[in-house]
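Trainee: Could you look at this predicted model? Sequence included:
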Amino acid sequence: MLFFKVPQKINTTFVASFFYHMSTQKTIESALISVYYKDGLDELVKELHKNNVTIYSTGGTQAFIEALNIPVTPVETLTSFPEILGGRVKTLHPKIFGGILNRRNLAEDQEALATHDIPQIDLVIVDLYPFEETVASGASHEAIIEKIDIGGISLIRAAAKNYNDVVIIPSVKQYDTLLEILKTQNGATTLEQRRTFAGEAFHVSSHYDTMIHNYFLNNDSPYLKLSEEKNESLRYGENPHQRGKFYGDLDAIFDKLHGKELSYNNLLDVDAAVALMQEFTTDGPTFAILKHNNACGIATRPTIKEAYETALAADPVSAFGGILISNAFIEEETASLINDLFCEVLIAPGYSQAALEILKSKKNRIILVQKETVLPAVQYRSILNGILMQDRDSKSERATDLQVITNLAPSEQEIEDLIFANKLVKHTKSNTIILAKNGQLLASGTGQTSRVDALNQAIHKAKSFNFDLKGAVMASDAFFPFPDCVEIAHNEGIDTVIQPGGSVKDQLSIDYCNEHQMKMVFTGVRHFKH
């Protein structure tokens, strides 16, 4: 008789976990493989063959596997039915879906398989026709329709639904994970692993259907369907105690040359900077400095060096730790000036090598090259228990859009400054007033609860940096319900005004301007920004 010493304390959690994983492990004995892209498939097929897995396949995938000198059974042999309709129908057959969807622990299912001579299928490797890529290529409607996958999406959903017994690999992104499992677990998978693969599969299915839905309704659906595959975790959200994540493809907009990872707040400021600078893509060299989504300095000048110096002069205090953006190439001389300022992010269409050597001397400074960018036409914001959607404010007024509503009309230089200031109003937090002169932001009042407060804030700030307001122009994001703002501006030497108009009391402001030889134009367009 043998006696074993029983440990006084047994790790019951470990024992339970061990037996659970043992009981849910399934060895892969057969696989269906049908993919559009063959990249990375060879190593996976070889490992399956090494584990004596029976492989079923179709068309080009079958030929690919045969070229590896690995046995493969055509699906037609299994179904006794050929591909038809130019390949539109390949795998849509009960012998395929029965092999995938049968429940291994249900006697009735197993009897049905035996009766109809249906083999088990333990693994499905399938991807989808490149619908999204075909749309992006500008292909014809007919070509796009042919890239709507039917068999593949059905196989993905069937295998994912039956994850209790079947492994689904819905894209090349999962190849390496499965390969590692096959090598380290002797060709078997756990229930937890199969469920994870199933979750990925339903994402693939959902994303694919969302792209098709948005194409058919031309992105003008009464339903909100968003799907973004690319994402990156951020260090934190707006504050360190908040989680943060970015969903999107930053690489499509920027090449990052240097610096730490962009933070949540960096991204908000970068978004504001890019949107603002799009107003100046066809202007002369323009440089802007932003802080908390608002411009604290911006100027247009004959050279980018002068534009930077003039923008910085508007508010060198707020510029500390700001986001800098240029619409022109950064050369060595400008880089030397920028290097004296602590800034989080610098964005430009390009840099000279000498400029980069200077700018990279600060290890954490983020240096971005902005590519040609088209921002999305719609914007979303989560509120309460829902989501707000609006068209992007893409309206930018030109000189021909201005309606002179006073006896005196602005000069050509004043019109240039009015257009310049109005561009800034559009990208500054409401209520806002912008004061500008000779292509330079002098000061702004931002995010105030009244327009008078915004104007007084702007005047105070401009004076604190010793700007002469005589000859400056004033821009407002919304109409003046009373003449108080034009009166305050006039008393400071500001006699040229741009505003949307539209108040029932517009005439009060018009009368004041006429009585004091001021010039005012209406745009007819309000630019609130909340």
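Mentor: Done, it's in. Predicted model, so just to flag it, every value in this text is computed and none were measured. Residues are numbered from 1 along each chain as shown.
Trainee: How far does stretch 293-302 sit from its chain's centre?
Mentor: 26 Å (C-alpha atoms, centre = their mean, to the nearest Å).
Trainee: Quick one: residues in contact with it.
Mentor: Residues outside stretch 293-302 that contact it (C-beta atoms under 8 Å, 6 or more residues apart in numbering): 268-269, 272, 276, 280, 283-290, 306-308, 310-315, 318-319, 322, 420, 424, 427-429, 439-441, 444, 446-447. Heads up, the C-betas are built off the backbone N, CA and C, glycines and all.
Trainee: What's the ChimeraX syntax to select whichever of those are buried?
Mentor: Restricted to buried positions by 16 or more other C-beta atoms under 10 Å, the ChimeraX selection for those reads:
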select :269,272,276,280,283,285,286,287,288,289,290,307,308,310,311,312,313,314,315,318,319,322,420,424,427,428,429,439,440,441,444,446,447
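Trainee: Restricted to strands, list the contacts of stretch 293-302.
Mentor: Those of the contacts of stretch 293-302 mapping onto strands are 286, 287, 288, 289, 290, 322, 440, 441, 444, per DSSP state E.
Trainee: Nearest residue to the last one in space, please, no chain neighbours.
Mentor: Pointing back at residue 444 there. residue 434 (5.1 Å; C-beta to C-beta, 6 or more residues apart in numbering).
Trainee: residues contacting the one you found?
Mentor: Here residue 434 is in contact with 421, 422, 424, 425, 428, 441, 444, 458, 474, 475, 476 (criterion: C-beta under 8 Å, 6+ apart).
Trainee: okay, those residues in TSV with pLDDT next?
Mentor: Formatted as TSV, those follow (pLDDT from 0 to 100):
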residue	pLDDT
421	97
422	97
424	97
425	96
428	95
441	98
444	96
458	97
474	98
475	97
476	96
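Trainee: quick check, nearest of the residues you listed to residue 358?
Mentor: Relative to residue 358, the closest of those is residue 441; by C-beta to C-beta it sits at 26.0 Å.
Trainee: got a list of what the closest one touches?
Mentor: Residue 441 is in contact with 295, 296, 297, 298, 299, 311, 314, 421, 424, 434, 435, counting by C-beta under 8 Å, 6+ apart.
Trainee: Now that we have those, can you turn them into JSON lines and tack on distance to residue 528?
Mentor: Below are these laid out as JSON lines (distance: C-beta to C-beta, whole Å):
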{"residue": "295", "distance to residue 528": "17"}
{"residue": "296", "distance to residue 528": "20"}
{"residue": "297", "distance to residue 528": "23"}
{"residue": "298", "distance to residue 528": "20"}
{"residue": "299", "distance to residue 528": "25"}
{"residue": "311", "distance to residue 528": "25"}
{"residue": "314", "distance to residue 528": "23"}
{"residue": "421", "distance to residue 528": "16"}
{"residue": "424", "distance to residue 528": "14"}
{"residue": "434", "distance to residue 528": "14"}
{"residue": "435", "distance to residue 528": "19"}
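Trainee: So which of the contacts of residue 434 are in helices?
Mentor: 421, 422, 424, 425, 458 (DSSP state H).
Trainee: Spit out the contact partners of the fourth one.
Mentor: Residue 425 makes contact with 432, 434, 475, 476, 477, 527 under the criterion C-beta under 8 Å, 6+ apart.
Trainee: next one: residue 373
Mentor: With contact set as C-beta under 8 Å, 6+ apart, residue 373 has these partners: 253, 274, 278.
Trainee: Next: residue 378.
Mentor: Going by C-beta under 8 Å, 6+ apart, residue 378 touches 219, 389, 390, 391, 392.
Trainee: Next: residue 166.
Mentor: 100, 121, 122, 123, 124, 159, 194.
Trainee: how far away is it from residue 408?
Mentor: From residue 166 across to residue 408, the span is 80 Å (C-beta to C-beta, to the nearest Å).
Trainee: Low-confidence bits of the chain, can you list those?
Mentor: Within the chain, the ranges that satisfy pLDDT under 70 run 1-23, 82, 84, 86-91, 219.
Trainee: and the longest helix for it?
Mentor: Longest helix in the chain, counting residues (DSSP H): helix 191-216.
Trainee: distance between it and the chain's centre?
Mentor: Centroid separation for helix 191-216 versus its chain: 19 Å, with C-alpha atoms, centre = their mean.
Trainee: contact partners of whichever helix or strand comes after that helix?
Mentor: Using DSSP states H and E, the helix or strand that follows helix 191-216 in sequence is strand 231-233. With contact meaning C-beta under 8 Å, 6+ apart, strand 231-233 is reached by 244, 245, 246, 247, 248, 250.
Trainee: continuing past strand 231-233, what's the next helix or strand?
Mentor: Next element after strand 231-233 (DSSP H and E): strand 245-247.
Trainee: in that next one, what's buried?
Mentor: By neighbour count on 16+ other C-beta under 10 Å, the buried set for strand 245-247 is residue 246.
Trainee: Give me the residues contacting that strand.
Mentor: For strand 245-247, contacts defined as C-beta under 8 Å, 6+ apart pick out 228, 230, 231, 232, 233, 234, 262, 264, 267.
Trainee: hmm, 6 Å instead?
Mentor: With C-beta atoms under 6 Å, 6 or more residues apart in numbering as the contact definition, strand 245-247 has outside contacts at 228, 231, 232, 233.
Trainee: and that strand, which strands flank it?
Mentor: Next to strand 245-247 in the sheet, as set by DSSP bridges, lie strand 231-233 (antiparallel).
Trainee: Just give me how far the partner strand sits from the chain centre.
Mentor: Using C-alpha atoms, centre = their mean, the offset of strand 231-233 from its chain centre is 10 Å.
Trainee: ok so, going back, so which of the contacts of residue 373 would you say is closest to residue 138?
Mentor: For these, the nearest to residue 138 is residue 253 (20.5 Å; C-beta to C-beta).
Trainee: Now the residue lying closest to that closest one once chain neighbours are set aside. Its backbone dihedrals?
Mentor: Leaving aside its sequence neighbours, residue 253 sits nearest to residue 373 (C-beta to C-beta, 6+ apart; 5.2 Å). Residue 373 adopts backbone torsions of phi -130, psi 130, taken as degrees, to the nearest 10.
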